[in-house]
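Participant: Got a predicted model here, sequence first, then my questions.
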Amino acid sequence: MSGLPLSEWIVAGGLLAVFLLMFGETLFPPMPSEIIMPLAGFQAAQGRMDLAAVILAGAAGAMLGNILWYGAARALGEARFAAFVSRHARWTTIDAHDVAAARGWFDRHGAKAVGFGRMIPTVRSLISVPAGLARMRFWPFAAYSGLGTLGWTAALAGAGWVLGARFEQVEAWLNPVSTGVIAVIIATYAWRLLTWKPRAG
């Protein structure tokens, strides 16, 4: 499916593609859920998938990524996790500054940050880290994360569903736009690999 635009990945892979794309979005923030879930909702509006199943698949994929970040942070501890992130920042596109920003958000807002943070770019993927470092109990973490993630994926998929009612106007530009998004993501990541250097301080 590598040569297909994102919308056709979703058509070809169905709910599994939605699950995997949202899992990847959580682990690799440059892949935007703001594109994935509306496209999936749009395809559901065409009768190719069930909207409720799309929302659940997207939320489940994102939650798997959330739990992996949380578990890694909790297992490693703050010092070792910061060292890991700094060592692999070139490849993950996440560095200690990003982790510190998410930690600050968590420290200011407490457990509620885990839910609200799921609706904020970059923080959405990283808020699991300070929760793990703070050794937040798993079930409250899962509950807050699940509510925030489910609400976010439902809102985005619902937006795509509404667009689906205007199929004729959208179809002409949907695939070119989704292909362009993938191209921009790949180009941005390649540029980061070529130009990356540690931030001062």
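Facilitator: Cool, got the structure.
Participant: Quick check: Asp71 touching Gly132?
Facilitator: Wrong residue type there; residue 71 is Gly, not Asp. Yes: counting by Cβ atoms under 8 Å, Gly71 does reach Gly132; the two are 6.6 Å apart. Any C-beta I mention is one placed from the backbone N, CA and C, and that applies to glycine too.
Participant: Return the residues in contact with the residue lying closest to Ile36 once chain neighbours are set aside.
Facilitator: Spatial nearest neighbour of Ile36, excluding adjacent residues (Cβ to Cβ, 6 or more residues apart in numbering): Leu21 at 4.8 Å. In this structure, Leu21 makes contact with 6, 9-10, 31, 36, 61, judged by Cβ atoms under 8 Å, 6 or more residues apart in numbering.
Participant: On the pLDDT front, check Leu21 for me.
Facilitator: For Leu21, the pLDDT comes out at 92.
Participant: Return the distance of it relative to Trp139.
Facilitator: 27 Å (Cβ to Cβ, to the nearest Å).
Participant: the helices in the protein, which residues?
Facilitator: Using DSSP state H, the helices of the chain run over 6-27, 33-45, 51-76, 78-87, 89-92, 96-109, 112-116, 123-126, 128-133, 138-164, 167-195.
Participant: Pick out the shakiest of the ones you listed, pLDDT-wise.
Facilitator: helix 167-195 (a mean of 62).
Participant: Quickly note the distance from the residue nearest to Met37 when sequence neighbours are not counted to Pro140.
Facilitator: Once flanking residues are discounted, Met37 sits nearest to Leu156: 3.5 Å by Cβ to Cβ, 6+ apart. Here the distance between Leu156 and Pro140 works out to 25 Å (Cβ to Cβ).
Participant: do Ala60 as well
Facilitator: As for Ala60, its distance to Pro140 is 19 Å (criterion: Cβ to Cβ).
Participant: Comparing these two, which shows the higher neighbour count?
Facilitator: Ala60 (18 against 12; other Cβ atoms under 10 Å).
Participant: who touches the more buried one in this structure?
Facilitator: Here Ala60 is in contact with 19, 22 (Cβ under 8 Å, 6+ apart).
Participant: Going forward, the N-terminal residue is numbered 59.
Facilitator: Sounds good: first residue 59 from here, last item Ala118.
Participant: ok so, going back, verify the contact between the residue nearest to Met95 and Leu97 for me.
Facilitator: No: in this structure Leu214 lies outside contact range of Leu97 using Cβ under 8 Å: 9.3 Å.
Participant: Have a look at these two and say which one is more surrounded.
Facilitator: Higher neighbour count among Leu214 and Leu97: Leu97, with 29 against 23, using other Cβ under 10 Å.
Participant: Backbone dihedrals for Asp108, both of them.
Facilitator: Per-residue torsions, Asp108: phi -90, psi 130 (degrees, to the nearest 10).
Participant: hang on, isn't it packed against Gln101?
Facilitator: No: using Cβ under 8 Å, Asp108 makes no contact with Gln101, being 10.6 Å away.
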